[in-house]
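In: Can you look at this prediction? I've put the sequence above it.
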Amino acid sequence: MFGQYFKYVVTYSPDFYVYYTILLLIIITMFLKKYFLYDNRRGKMFPILISDKEKKSEMKLPTTDSLSSQGNQDDFTTPTKPCHSLQSPRVARSLPRPCSPVKPSSPKKTKNRRDSMFDYKSDAARKVELIAKSRDERRLKQAEEKTMREQMMQAMEHATPYWEFAHMISEFKQGVEFKPLRDTDPVVENQITVCVRKRPLNDRESRRKEVDVVSVPTKNQLIVHEPKHKVDLTKYLENQHFRFDYVFDDSCTNDIVYKFTAKPLVKTIFDGGMATCFAYGQTGSGKTHTMGGEFKGKIQNFKNGIYGLVAVDVFKQIANPKYAKMNYIVSASFFEIYGKLVFDLLSKKQRLRVLEDGKQQVQVVGLTEKIVSKVEDVLDIIQKGSLERTSGQTSKNSNSSRSHAVFQIILRKAGSRVVEGKFSLIDLAGNERGADTSKSNRQTRIEGADINKSLLALKECIRALGRKGAHLPFRGSKLTQVLRDSFIGEKSRTCMIALISPGNTSVDHSLNTLRYADRVKELVANDSLDDSQESLAILDEDNDDDDDDFKQDDSMDLSSNEYEVLESNRHVIESCVYFHKMACELYNNSQKEGFERKQYATSWRNLLSEMVDIQNGALIKAQEFCQLLQDNL
Ligand SMILES: Nc1ncnc2c1ncn2[C@@H]1O[C@H](COP(=O)(O)OP(=O)(O)OP(=O)(O)O)[C@@H](O)[C@H]1O
């Protein structure tokens, strides 16, 4: 029927297309009115977004009753559905006014028609909103971080008196990539090896809430974070960088330390050379722990100290078919040098004399040398000597920290007295004891001066070993005298292990230790004295022995003091020539273009501290001598 009507209209009504178009326009307008809004400001139409829920509510138009009940505040229970929710204009218009009393403070404020219009924001508006949002989030995060930082600082202040430094150090460490030494790293063989071992904080330091001021970022680098105060008392860190052959951090065991230090030297003594390994550092820094073995309470495990580990490897080599036919006899000795006195640790601390024969061979007369055939024999000797060394001492007033302990393993061929090879392992006196020279107690001053002197002489001797053919100032101390043959010969090899305590109260001593070790290595690496310099340094060789030094056992005898003062005087003269040359060289280099500022600063500082060391040593001797002359008046 509709079809017939349509056919009729098409056939008989020429205005059909006009009607049809008008009808279509009406439909389109209605559609637009229902689903679109016109934004006057922008002159654009926008489609209305209606959530599914709202669409549903729109479809179910509220009855007058329900609307009035919504409008009744007393019955108001759900403010989440206000009448002016997002609805089409038609629906919105159809709603009666009284529906407005929705609580204005309603937490879920729904959008009205106008709000819905502004849901459609330009990109710029969206971006502004995003920026504002992220700014608010950032501010919130910053506030949270600040609160946390304040809380942490408060907690740290209670936990440690050095919390500010601890905080600065931990911030510094965050920017450092740590790649410490690993057991699998290759062992480099040097004639002189200088390395550093840092021990962990001990119980006493932890109780005092000390801060660990030493970082070991790589296998050969170390940083000391020296706590400092500015004039206005602001705290800051001075980070001092050092480089050595190896640096062992507090997680390294004695086995690892041994692998990179003394182990490579064992074969030296089978090749007819002398090997020497020193442990240098402040009292309590771990010298005995490293050389003698780890402590478990008061009990020391001699098997895992460097003494014991060397013994194991020596016997392994003896069993090696290459050396088995050589018929080596192994013997061991253990003695202590305290000032100018030498004591046998294997013979109830019997006092020994050090003499030099016509061929400049130094002999420790009467020293017990026990023949050993297995590792256990050596461990017995180490145990006996160590107990002898520490017996009758309290840790506070320990003589062991003021004496040098020398443990030697000697190789001879069966039936011969000739030494084929010797490994000397030395646990040096605490280096801070050398600074005891200003103390009023005369004995302490003398001890301090002796330690200072022996450590300076030791450094000079190692330097001389590095500078082949240079003058060997071995007469500078009893220690270097008895070790004379360790510093001569092409085949001699030396290793120094500098031990440091990590606590902030030890930082000055640790820096002293590191500077000493640094100079030993740096001079080995950089020194290239020319012949004229060497010839200047030889003066002493002709200086015929004033054997007083060897024949007298009295520690403070006038003539030996005079000898030492004159020796130090000569040493100062020689060093002045050397310093003058080096200082000129450094200065001239600094005038050249593109000179390395950092290298210059380090070299100049080291040169000056070396000069100060030598002059201080001479000053101590001169003061002692003045005092002695006065006492003898
Ligand atoms: N690497 C380490 N790991 C753990 N503990 C260590 C380490 N080094 C040292 N210690 C501990 O620190 C303490 C002091 O060490 P040690 O006696 O070896 O110092 P020292 O330098 O020989 O002192 P002294 O000059 O008085 O003989 C010991 O209790 C030792 O166990």
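Out: Arrived safely.

In: C-alpha only now, for contacts and for neighbours.
Out: OK.

In: Would you tell me which residues of the protein are close to the ligand?
Out: Proximity of the chain to the ligand (C-alpha under 6 Å from any ligand atom) is limited to residues 199-200, 250, 282-289, 294-295, 400-401, 429-430.

In: Retrieve the pLDDT associated with the residue nearest the centre of the chain.
Out: Residue closest to the mean C-alpha point of the chain, counted by C-alpha atoms, centre = their mean, is Ser215 at 1.2 Å. With respect to pLDDT, Ser215 scores 95.

In: what sits up against whatever helix or strand it lives in?
Out: Ser215 belongs to strand 214-218 when assigned by DSSP states H and E. Residues from elsewhere that reach strand 214-218 (C-alpha atoms under 8 Å, 6 or more residues apart in numbering): 173, 176-181, 198, 222-225, 247-249, 502-503.

In: do the same with stretch 448-466
Out: Residues from elsewhere that reach stretch 448-466 (C-alpha under 8 Å, 6+ apart): 191-192, 339-340, 402-403, 429, 431, 433-437, 470-474, 476-480, 487-488, 494, 516, 520, 523-524, 613-614, 617, 620-621.

In: In strands only, show me the contacts of strand 214-218.
Out: Using DSSP state E, the subset of these located in strands is 198, 222-225, 247-248.

In: Of those, which is the nearest to the ligand?
Out: For those, the closest approach to the ligand (C-alpha to the nearest ligand atom) belongs to Lys198, at 6.7 Å.

In: if I pick Val224, what's in contact with it?
Out: 213-215, 238-241, 507, 511.

In: tally of neighbours for the residue in the stretch 101-250 of the chain that the ligand sits nearest to?
Out: Residue nearest to the ligand within the stretch 101-250 of the chain: Arg199 (4.1 Å; C-alpha to the nearest ligand atom). By other C-alpha atoms under 10 Å, 24 other residues sit near Arg199.

In: Excluding chain neighbours, what is closest to it?
Out: Nearest non-adjacent residue to Arg199, counting by C-alpha to C-alpha, 6 or more residues apart in numbering: Asp250, 4.7 Å away.

In: The one you found and Leu201, how far apart?
Out: Per C-alpha to C-alpha, to the nearest Å, Asp250 is found 9 Å from Leu201.

In: hang on, Gln360 in a strand?
Out: No. Counting by DSSP: H, G, I helix; E, B strand; the rest coil, Gln360 is not part of a strand but coil.

In: Pull the contacting residues for the residue lying closest to His225 once chain neighbours are set aside.
Out: In space, and not counting its chain neighbours, His225 is closest to Asn239: 4.5 Å by C-alpha to C-alpha, 6+ apart. Neighbouring residues of Asn239 by C-alpha under 8 Å, 6+ apart: 223-226.

In: residue boundaries of the strands in the stretch 501-633 of the chain?
Out: Here the stretch 501-633 of the chain has no strands by DSSP state E, counting those that start in this stretch.

In: where does it have low pLDDT?
Out: Where the stretch 501-633 of the chain drops to pLDDT under 70, the residues are 522-561, 563, 631-633.

In: And the strands in the stretch 101-250 of the chain, which stretches?
Out: Taking DSSP E, counting those that start in this stretch to define them, one finds strands in the stretch 101-250 of the chain at 192-198, 214-218, 221-229, 235-243, 246-248.
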